[in-house]
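> pasting a predicted model and its sequence here:
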Amino acid sequence: MRHVTDSERRARLATRHALAPGRLVGSPEEAARAVVALHATEAPSVYLSTWARVPHVGIEDIDRALYDDRTLVKQLAMRRTLFAFPRDVLPAALSSAAARVATTERTRMARDLERAEMAPDGNAWLDRARCAVTAALAESPVALSAAELRRAVPLVDVTVPTTAGESWSAPQVLTLLGAEGAIVRGPTVGRFPTARPLWELPQRWLGATVAQPDPGEGYRELVRRWLRAFGPGTEDDLVWWLGATKTVVRRALRDLDAAEVTLDGPVPGWLLPDDLDVVEQPEAWTALLPPLDPTVMGWKDRAFYLGPHRAQLFDTRGNAGTTVWVDGRVVGCWHQDPDAVVRIHLLESVSASARRSLDTQAARLTAWLDGIRNPTGYRSPAMRVQEQGWHTTERARPMV
């Protein structure tokens, strides 16, 4: 049986994810394909993940892919996470991972409506909301915001309590309809680093309705792409990444004739049957990746690249902050100081050449951001320590 060491897994990560010298790519679309899809829950992450993989890319290039050519499409899918998918991957995601999220959300919301005695049949209420929202969008010459849709469709202008003591309202209805593929996130009234998306009909935003394959075929395509980009990975890695079940994953692996391989650990991994050749180590490389970058979020078991730093670089919900990489391992985080200069915070020692490369990367990113601050809700413990140090320094400055 083929054995894949942790060292080779890091080499595969570097080359497949367009991070190593000579393996960078030429467009935002290619950057997304390298990692199946780009995380988009944090609006700046799409831009910063692309910057890390595409030399000389500009903000306008990424805007072009998202809002002009629409070759990258934002869609809620795996693990109820927003992704920017390459256009041709969207059908597979909609029929499988997105549909699973939509089913779970619809069940929960219908139950909440009935428990709150706001509708005798929660599913029927959601169906009426879907028809009313899509009709309002069809009648409007332009895409609409959540606030505009709430005014245009009074039915969805509600506050529905839940058993957890929380509530949901119109934005959650729109999120559900987006997961179901009835509407799509279209243009935005904000630009990098913020995004306030407007909602649109898929046939207008994409030029046609999205034909969805059979769910099994959709899952099989996502697993195929994941194995090509992230393999080898374990069954648990795939179950976690897809937000699916072992039954779904095992069926897809069987249909793909995936090859079982041994790893530097007790659990076997999987590769595509035509991807069993040994991948050699690339040239030395470094990278600065943003919060929730697909590379750091691609596996459930992250020990082979994260080492002992998980607690410092992830929040308690499992969300990654910024990460600093040297030759396939995470060695720290980065942040902007009060003057918008990118600073490196190392959690372990690195070679002098790696430090020079990281400093060069930080200077490049500082210049690319050009004074723009990168607000993020995903601050790891290590990032917070760095921020607290700067705030203390700021308070200690003498008054002029």
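Received, thanks. Numbers count the residues shown, from 1 in each chain.
> where does pLDDT dip in the stretch 1-150 of the chain?
In the prediction, the stretch 1-150 of the chain carries no residues with pLDDT under 70.
> and stretch 84-98, how far apart are its ends?
13 Å (Cα to Cα, to the nearest Å).
> no, scratch that, I was asking about stretch 366-374
Across stretch 366-374, first to last residue, Cα to Cα, it's 11 Å.
> for it, buried residues please.
Within stretch 366-374, the residues scored as buried using 16 or more other Cβ atoms under 10 Å are 366, 368-369, 374. (C-beta placed from N, C-alpha, C; glycine too.)
> how about stretch 247-267?
248-249, 251-253, 256, 258-259, 261, 263.
> likewise stretch 153-172?
Within stretch 153-172, the residues scored as buried using 16+ other Cβ under 10 Å are 153, 156, 158, 160, 168, 170, 172.
> surely the second one meets residue 133?
Yes: using Cβ atoms under 8 Å, residue 156 is in contact with residue 133, at 6.7 Å.
> can you give me the helices for the stretch 251-400 of the chain?
303-306, 310-313, 352-369, 381-396 (DSSP state H, counting those that start in this stretch).
> that older thread, tell me which of the buried residues of stretch 247-267 fall in strands.
259, 261, 263 (DSSP state E).
> now the residues you listed in JSON lines, with distance to residue 37 and pLDDT?
Shown next, in JSON lines, are those (distance: Cβ to Cβ, whole Å; pLDDT from 0 to 100):
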{"residue": "259", "distance to residue 37": "24", "pLDDT": "98"}
{"residue": "261", "distance to residue 37": "25", "pLDDT": "98"}
{"residue": "263", "distance to residue 37": "25", "pLDDT": "98"}
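> residue 331: which of the residues you listed is nearest?
Of all these, the one with the least separation from residue 331 (Cβ to Cβ) is residue 263, at 22.0 Å.
> wait, isn't that closest one in contact with residue 9?
Yes: if you go by Cβ under 8 Å, residue 263 and residue 9 touch, sitting 7.5 Å apart.
> joint contacts of those two?
residue 232 (Cβ atoms under 8 Å, 6 or more residues apart in numbering).
> list the contacts of stretch 262-281.
1-9, 11-12, 15, 224, 227-228, 231-238, 253, 256-261, 301, 303-304.
> retrieve the pLDDT associated with residue 182.
Model confidence at residue 182, given as pLDDT, is 97.
> on that earlier part again, among the buried residues of stretch 247-267, which one sits closest to residue 119?
Lowest distance from residue 119 to these (Cβ to Cβ) belongs to residue 248, with 31.4 Å.
> without its sequence neighbours, what residue ends up closest to that closest one?
Once flanking residues are discounted, residue 248 sits nearest to residue 219: 5.4 Å by Cβ to Cβ, 6 or more residues apart in numbering.
> distance of the one you found from residue 85?
15 Å (Cβ to Cβ, to the nearest Å).
> again with residue 21
From residue 21 over to residue 85 (counting by Cβ to Cβ), the distance is 27 Å.
> more neighbours: which of these two?
Counted by other Cβ atoms under 10 Å, residue 21 and residue 85 do not tie: residue 85 has more neighbours, with 25 against 11.
> what helices or strands is the helix or strand encompassing the more buried one leaning on?
Assigned by DSSP states H and E, residue 85 belongs to strand 82-86. Applying 3 or more Cβ pairs under 8 Å, 6 or more residues apart in numbering; DSSP states H and E, we find strand 82-86 packed against helix 28-34, strand 38-39, strand 72-76.
> what's the closest of these to residue 294?
strand 38-39 (5.8 Å).
> in the protein, where's the longest strand?
Ranked by residue count under DSSP E, the longest strand found in the chain is strand 329-336.
> returning to that earlier point: which of the helices of the stretch 251-400 of the chain comes out lowest on mean pLDDT?
helix 381-396 (a mean of 71).
> got the domain ranges for the protein?
Annotated domains of the chain cover 88-205, 286-396 [automatic domain parsing].
> first to last residue in the longest one, what's the distance?
Taking Cα to Cα as the measure, domain 88-205 stretches 15 Å from start to finish.
> what is the distance between it and the centre of its chain?
From the chain centre to the centre of domain 88-205 is a distance of 20 Å (Cα atoms, centre = their mean, to the nearest Å).
> filter the contacts of stretch 262-281 to the buried ones?
For these, buried by 16+ other Cβ under 10 Å: 4, 8-9, 11-12, 15, 224, 227-228, 231-235, 237-238, 253, 256, 258-259, 261, 304.
> which among the buried residues of stretch 366-374 gets closest to residue 185?
Nearest member of the buried residues of stretch 366-374 to residue 185, counting by Cβ to Cβ, is residue 374, at 20.8 Å.
> got any ranges where the stretch 151-300 of the chain has weak pLDDT?
Applying pLDDT under 70 to the stretch 151-300 of the chain flags no residue at all.
> could I get the domains of the chain as JSON lines with distance to residue 279?
Below are the domains of the chain laid out as JSON lines (distance: least, Cβ to Cβ, whole Å):
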{"stretch": "domain 88-205", "distance to residue 279": "23"}
{"stretch": "domain 286-396", "distance to residue 279": "11"}
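> show the pLDDT at residue 315.
The model's pLDDT for residue 315 equals 89.
> now it. Nearest residue, chain neighbours left out?
Leaving out its chain neighbours, the residue that sits closest to residue 315 by Cβ to Cβ, 6+ apart is residue 380, at 6.1 Å.
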